[in-house]
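*Asks:* model this:
(one chain, ligands or ions: 2)
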Amino acid sequence: MNRKQFIESLGATCRNWTWSWSFVNEKKKVVIFGAWDRNTDGNTSLILSEDWEVGRKGRKQPAYEQAREHIRLVEEEGYKLMTFPMKYSDANKGEDGTGPAKIEGFEPKLTEKSLKKVAGKWYASDGLLGSLLPEEVESPEQFIEGASKVIAVNTYERNAEARAKCIKHHGYECAVCKFDFAAFYGSIGEKYIHVHHVVPLSEIGREYILNPIKDLVPICPNCHAIIHRTRPAIDVEQLRRHLEERNGKDT
Ligand SMILES: [Zn+2]
Ligand SMILES: [Zn+2]
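*Replies:* Ligands and ions are numbered 1, 2, ... in the order given. As a prediction, this is how the structure comes out:
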């Protein structure tokens, strides 16, 4: 069974069978999203992001507009949200890393999800978002580097040398909310901050070498906990803008 046959067997359709990753069954009021493996972590998948509207070459992505409409049906018209797993391949990408995503495969397995919007990104999740402390949340997550090595995610955030280099460059102020422990608590708060690893695990290749200045950012534990409430984690810059907009509204 191919993807089209699978979707049609569910009574759903789309505008174009080549580029669509979201589908709708108007009669049953169900919206179906394919969830890329690279955007799925645990029970949560990133299914749409505002920064997917325009492709790398500046062209509007036709699938974005359709997906945005499908999201609206869930948000405003009470449509149910379901997802099925899709396997990503970058076989269509050129040397420079651009080009369309290729669907390597999919699993004809539907799961009902709830929709969460966080800082310009929509996530399909099973029930509640996590509420663990960042220190806890990352330890069980692991990924395979190359064929053999298994590395815990927080290795990067806990590496003392990398942490020191990051802080030496960026300082101890939170990159999202500007919280400064020493300024707020006095000397007991001096030199306290978390460090967050910003490179999505899906983008870490076999040859990954950590750049402590670009790949790590100082983040206060509150912001850090919020960033890791979704999987994949929320983008630091987007959370910063989200706070800016909220603060702007309040005054
Ligand atoms: Zn903060
Ligand atoms: Zn983190």
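
*Asks:* from here on, contacts and neighbour counts on C-alpha atoms
*Replies:* Fine.

*Asks:* which strands and helices sit next to the longest strand along the chain?
*Replies:* Using DSSP state E to assign secondary structure, the strand with the most residues in the chain is strand 80-89. Secondary-structure packing of strand 80-89 (3 or more Cα pairs under 8 Å, 6 or more residues apart in numbering; DSSP states H and E): strand 30-36, strand 102-106, strand 111-118.

*Asks:* Work out the sheet partners of it and label each with its direction, please.
*Replies:* Applying DSSP bridges to the sheet, strand 80-89 is found paired with strand 30-36 (parallel), strand 102-106 (antiparallel), strand 111-118 (antiparallel).

*Asks:* the inter-axis angle of the helix or strand just after the longest one versus strand 80-89?
*Replies:* To tie it back to what came earlier, the one meant is strand 111-118. As assigned by DSSP states H and E, the chain's next helix or strand after strand 111-118 is strand 121-125. Interaxial angle, strand 121-125 versus strand 80-89 (axes from the mean of the first three to the mean of the last three Cα atoms, to 10 degrees): 100 degrees.

*Asks:* List the buried residues in whatever helix or strand Glu157 lives in.
*Replies:* Under the criterion of DSSP H and E, Glu157 resides in helix 155-158. Buried residues in helix 155-158, defined by neighbour count with 16 or more other Cα atoms under 10 Å: Tyr156, Glu157.

*Asks:* contacting residues around whichever helix or strand comes after that helix?
*Replies:* Past helix 155-158, heading to the C-terminal end, the next element that is a helix or strand (DSSP H and E) is helix 160-170. Applying Cα atoms under 8 Å, 6 or more residues apart in numbering, the contact partners of helix 160-170 are Tyr156, Glu157, Val195, Pro212, Ile213, Leu216, Val217, Pro218.
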